[in-house]
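Participant: Sequence and predicted structure below; questions after.
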Amino acid sequence: MNFTSDTSAPAHPAVLEALSRVNDGPAPSYGADEASARAKAALVEIFETELEVWLCGSGTASNALSLSLLCPPTSAILCHAESHISCDERGAVEFFTGGGKLSLLPGEHARIDAAALEAAIGAIKRDFVHETPADVLSLTNLTESGAAYSLDQLSAHIDRAKAAGLSVHLDGARFANALVTLGCTPAQASWRLGVDVLTFGATKNGGLGCEAIILFGDMRARLPELHARAKRAGHMPAKMRFLAAQLEAYLQDGLWLELARAANAAAARLADGLARIPGASLAHPVDGNEVFAFLPQETAEAMLAAGASFYPWLDGSYRFVCAWNTQEADVEALLDAARERA
């Protein structure tokens, strides 16, 4: 009963099979191979637009490299105080940007509050040398609290940022889970709203270790700069075909959305059961594959004693993460342990 993280899950068999197929003979290095071309073509089809892409092995590298394109060393990035780039990436963004600052904003469920964003943008003074003006807005969907921004919320935030001349980055480590909940297309939740750069995650949803930096619109022209930054940072895999093969398999025949639906459904079952436990309550909306619940201590201890693994969270809740392969039997066993103690 492992509910620690979706990164704890194994890779999907289709991904492993693709790796085996691409491991046949030599291929050009650094993304000049056929698998990389096919992966890009699949993204173009899915997002319904021309784009450029660079593959990385981690979400941290993808976020940091993406934001290094958008934020110069003398500028700031507006983001939520609980965002992954703020709380979980050990200053990688500041390091990769050469000194860019994270400007942290509040908001319930790790969604940036509209009034706080308005105030932060309104306070930008580009001609005042003693302050650090923001040049970028970074959003996360799903958020670090498992909540989804609606399309209207995303549109309002992005429109406000664009009106002030800011670029927009979207952290999509769980982009597939958000799309399943929103019921929209990838294009509708990204570039059509004005997103400039998307970090598109596969690792948490069936990949072995593959994240894509996707450049939309005018940002496509900056691919050579991204290549240079990736090389200098040590994130230019020589055998790129092994990352591309993962992404190609992940996207084929809608597998990525199928896996996200399974993870989201497991989380919904778990959330419904936990909400019925006496003394328990949900801390955040369950818009994807994560469940945050306030639980009596004895209930949490009973779950742990039954063999479950999950994490206590900073807000006093417990976080349970479902993955593409989470079994209904594991969800029921976890809930049975909780019910027996209730």
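Facilitator: Yep, that arrived. Residues are numbered from 1 along each chain as shown.
Participant: which residues does E48 contact?
Facilitator: When contacts are counted by C-beta atoms under 8 Å, 6 or more residues apart in numbering, E48 is found next to T185, P186, A187. (Glycine included, C-beta is placed from N, CA and C.)
Participant: likewise V15?
Facilitator: V15 makes contact with G206, G207, L208, A245, Q246, A249, Y250, according to C-beta under 8 Å, 6+ apart.
Participant: could you pull out the helices for the stretch 1-150 of the chain?
Facilitator: In the stretch 1-150 of the chain, the helices defined using DSSP state H, counting those that start in this stretch lie at 13-22, 34-47, 59-70, 84-87, 92-97, 114-122.
Participant: Can you list the buried residues in the fourth one?
Facilitator: To tie it back to what came earlier, the one meant is helix 84-87. Residues of helix 84-87 classed as buried by neighbour count (16 or more other C-beta atoms under 10 Å): H84, I85, S86.
Participant: Is it possible to get a markdown table of these that adds distance to V136 and pLDDT?
Facilitator: Formatted as a markdown table, the buried residues of helix 84-87 follow (distance: C-beta to C-beta, whole Å; pLDDT from 0 to 100):
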| residue | distance to V136 | pLDDT |
| --- | --- | --- |
| H84 | 15 | 97 |
| I85 | 11 | 98 |
| S86 | 13 | 97 |
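Participant: Going by distance to A64, which of those residues wins?
Facilitator: In terms of C-beta to C-beta, no member of the buried residues of helix 84-87 lies closer to A64 than I85, at 7.7 Å.
Participant: And the closest one, how far from A271?
Facilitator: Relative to A271, I85 is positioned 27 Å away (C-beta to C-beta, to the nearest Å).
Participant: Next: A306.
Facilitator: Separation of A306 from A271 (C-beta to C-beta): 19 Å.
Participant: T143 - nearest residue in space that isn't next to it in sequence?
Facilitator: Leaving aside its sequence neighbours, T143 sits nearest to A110 (C-beta to C-beta, 6 or more residues apart in numbering; 3.6 Å).
Participant: so that neighbour touches T140, yeah?
Facilitator: Yes. In this structure A110 lies within contact range of T140 using C-beta atoms under 8 Å: 7.0 Å.
Participant: list the buried ones in the one helix or strand in the chain whose mean pLDDT sits lowest?
Facilitator: Least confident element among the helices and strands of the chain, by mean pLDDT, DSSP states H and E: helix 328-341 (a mean of 92). Residues D330, V331, A333, L334, L335, A337, A338, R341 are the ones in helix 328-341 that count as buried (16+ other C-beta under 10 Å).
Participant: Contact partners for E94?
Facilitator: E94 neighbours (C-beta under 8 Å, 6+ apart): G100, K101, L102.
Participant: Tell me the one among the buried residues of helix 84-87 nearest to Q297.
Facilitator: Distances from Q297 to the buried residues of helix 84-87, taken by C-beta to C-beta, are shortest for H84, at 28.1 Å.
Participant: Return the distance of that closest one relative to E118.
Facilitator: 23 Å.
Participant: Run a quick neighbour tally on the residue nearest to T143.
Facilitator: 21 (other C-beta atoms under 10 Å).
Participant: Next up, the contacts around the residue nearest to M1 when sequence neighbours are not counted.
Facilitator: What sits nearest to M1 in space, not counting adjacent residues and going by C-beta to C-beta, 6+ apart, is A308, at 4.0 Å. Under the criterion of C-beta under 8 Å, 6+ apart, the neighbours of A308 are M1, N2, F3, A333, L334, A337.
Participant: Verify the stated contact: the last one with E301.
Facilitator: So the one you mean is A337. No. Assessed by C-beta under 8 Å, A337 is found out of contact with E301, at 9.7 Å.
Participant: Looking at the biggest helix by length in the chain now, give me its mean pLDDT.
Facilitator: Ranked by residue count, the top helix of the chain under DSSP state H comes out as helix 255-275. What helix 255-275 shows for mean pLDDT is 98.
Participant: Which strands or helices does that helix pack on?
Facilitator: In terms of contacts (3 or more C-beta pairs under 8 Å, 6 or more residues apart in numbering; DSSP states H and E), helix 255-275 is packed against helix 175-182, strand 281-282, strand 290-294, strand 318-321, helix 328-341.
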